[in-house]
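**Student:** The sequence and its predicted three-dimensional model are supplied below.
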Amino acid sequence: MTEDWVNLAEGLGADLHLDLPGGGGRRAALTRALRAAVRSGRLAPGTRLPPYRSLAADLGLARNTVADAYAELVAEGWLTARQGSGTTVALGAHPPPARPAPRPGADRPPEPVHDLRQGQPDAASFPRAAWLASARRAVTAAPNEAFGPGDPRGRPELRRALAAYLARTRGVRTDADHIVVCSGFAHALRLLFGGGVLPGPLAVEEYGLPFHRALLKQTGTRTRPLTVDGDGARIDELTDAERTVLLTPAHQFPTGGPLHSRRRTAVAEWAASSDGLILEDDYDGEFRYDRQPVGAVQGLAPDRVLYIGSVSKSLSPAIRLGWMILPDRLVDDVLKAKGEREAWAGVLDQLTLADFLDSGSYDRHVRRMRQRYRTRRDRFVTALAEHAPHVHATGIAAGLHAVLRLPPGTEPAALRAAARAGVAVDALSTFRHPAARLPPEDGVVVGYATPPDHAFGAALRALVGVLRQPEVSRRRGAGSP
């Protein structure tokens, strides 16, 4: 058997790998190989095949051999040939893969129709035209060295743009030399704890992403929860056992309140007196609706705060870009942990984001989305007040989600009702640290940013329908029929 690489566009197109078995003649071998490539789906319907002369030259065959093989496959219906259009794979050349039959008796809830899970922006609102314009300008203006081996800190254009933007909008005190670009918050945690930059144990808020807790556990980092109340994390619960605390001070995730000013001061004082470090997760600091923006804790103690942000909420999680604002003593350790270039963020996206920031496009997009999400939030709150007044929503002054506090004992029933109605929401209990001291509260976490505008009204109606179900709207066993 010989293996040949066939160029589909005379040096300009994709390559196709063909196995030409020996024996039976070269035309028969080519016919079988092409038929197998179409049948397997490797040559999709509509794919244009190379001209006779090009394919014959690549395979070392006579031109007539290729022409005869094509003609045979046209006659069989695998290919089509038109004057001036060349030879292409026929549109009905192979059937779509069969779907597995459902198992008898399987009682599965329907696939979600309305995605109201937290953590996702409205994907339909991504600023495609503005992003493309920034990409064109950035690539055109980029120096040649930008397309070679780079700097593990990230592109200097992006670090300078971030330093200016974060100082102006979040009160961060830094410069480009103290910024390291990463792929997002999870990547930052892997570098810091998996890379040996920071030791455990780590104090965390009692509510947070289970994915982050699992990631930290994989690195061998032990976490201890701090109680969260209406003023944020209880800073007075920090002990001498920890030297690092992870907080979401601008908008506690997922319960929603900001860290009170007294506690912001207290945690900065704790870090200074205990030689401690604060990890500040500023995951949605751009979206404030009913109050003045809360500045970053990093501005209070730049030498004691490691500030982490990303564009996953403000732009899109598809753009894998985040940043760490580091105290001076940690810069070299983080760069060492970053290691080989495979862990570095893509240069083209970095250059594009730098232009997006410098040109003002990022500010315009954030202001537009802030208004859009605020309008959605208002519709969401109004619908709850009118149709599900027994449900109390918290965390609605900022961000892209809210926590709906439910009557005791009703969270499982709410999740079952939501699944039946095709509504995807998150259980509040999944965000609670397993070692949290206070009894768990019932609730669901609802993201109101994800559905596109045309689907938001239907999603709201479906949600309030779930919340009005008898098993959700009152405590089971408390006088229910």
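**Tutor:** All right, it came through fine. Everything numeric here is computed off the predicted structure, so don't read it as measured data. Numbers count the residues shown, from 1 in each chain.
**Student:** Kindly state the pLDDT recorded for the residue nearest to the spatial centre of the chain?
**Tutor:** The chain has P317 as the residue nearest its centroid, 3.1 Å off, counting by Cα atoms, centre = their mean. Looking at P317, its pLDDT stands at 92.
**Student:** show me the contacts for it.
**Tutor:** With contact set as Cβ atoms under 8 Å, 6 or more residues apart in numbering, P317 has these partners: Q120, P121, G184. Yep, even glycine has a C-beta here, placed from its N, CA and C like the rest.
**Student:** tell me the SS of it?
**Tutor:** Secondary structure for P317, judged by DSSP: H, G, I helix; E, B strand; the rest coil, is coil.
**Student:** hmm, back to that, nearest to S359, of the contacts of P317?
**Tutor:** S359 has its nearest neighbour among the contacts of P317 in P121, at 20.5 Å by Cβ to Cβ.
**Student:** hey, where'd the strands end up in the stretch 101-250 of the chain?
**Tutor:** Counting by DSSP state E, counting those that start in this stretch, the stretch 101-250 of the chain has strands at residues 114-115, 179-182, 202-205, 223-226, 228-229, 232-233, 244-247.
**Student:** what's near enough to touch A296?
**Tutor:** Neighbour list for A296: L166, R170, G171, V172, P249, A250, E280, D282, G285, V305, Y307 [criterion: Cβ under 8 Å, 6+ apart].
**Student:** Was I right to think the third one contacts G295?
**Tutor:** Yes. The criterion here is Cβ atoms under 8 Å, and G171 meets it with G295 at 3.4 Å.
**Student:** Next secondary structure after whichever helix in the chain runs longest?
**Tutor:** The residue-count maximum for a helix in the chain (DSSP state H) belongs to helix 361-387. Note on helix 361-387: by DSSP states H and E, the next helix or strand toward the C-terminus is strand 392-394.
**Student:** separation between V305 and P452?
**Tutor:** Distance check for V305 against P452: by Cβ to Cβ, to the nearest Å, it reads 37 Å.
**Student:** ok, now H365?
**Tutor:** Separation of H365 from P452 (Cβ to Cβ) stands at 16 Å.
**Student:** where does the stretch 301-450 of the chain have low pLDDT?
**Tutor:** Scanning the stretch 301-450 of the chain for pLDDT under 70 picks out 341-343.
**Student:** For it, which segments count as strands?
**Tutor:** Along the stretch 301-450 of the chain, counting by DSSP E, counting those that start in this stretch, strands occupy 305-310, 322-325, 392-394, 401-405, 423-424, 426-427, 443-447.
**Student:** if we can go back for a sec, who wins for neighbours among the contacts of P317?
**Tutor:** P121 (22 neighbours; other Cβ atoms under 10 Å).
**Student:** Pretty sure that residue sits against P451.
**Tutor:** No. Counting by Cβ under 8 Å, P121 sits too far from P451 to count as a contact (11.0 Å).
**Student:** what sits in contact with each of these two?
**Tutor:** Contacts common to P121 and P451, judged by Cβ under 8 Å, 6+ apart, are absent.
**Student:** So what does the closest residue to V444 other than its chain neighbours look like in phi/psi?
**Tutor:** Counting by Cβ to Cβ, 6 or more residues apart in numbering, V444 lies nearest to V425, which is 4.6 Å off, once chain neighbours are set aside. Here is the backbone geometry of V425 (degrees, to the nearest 10): phi -130, psi 170.
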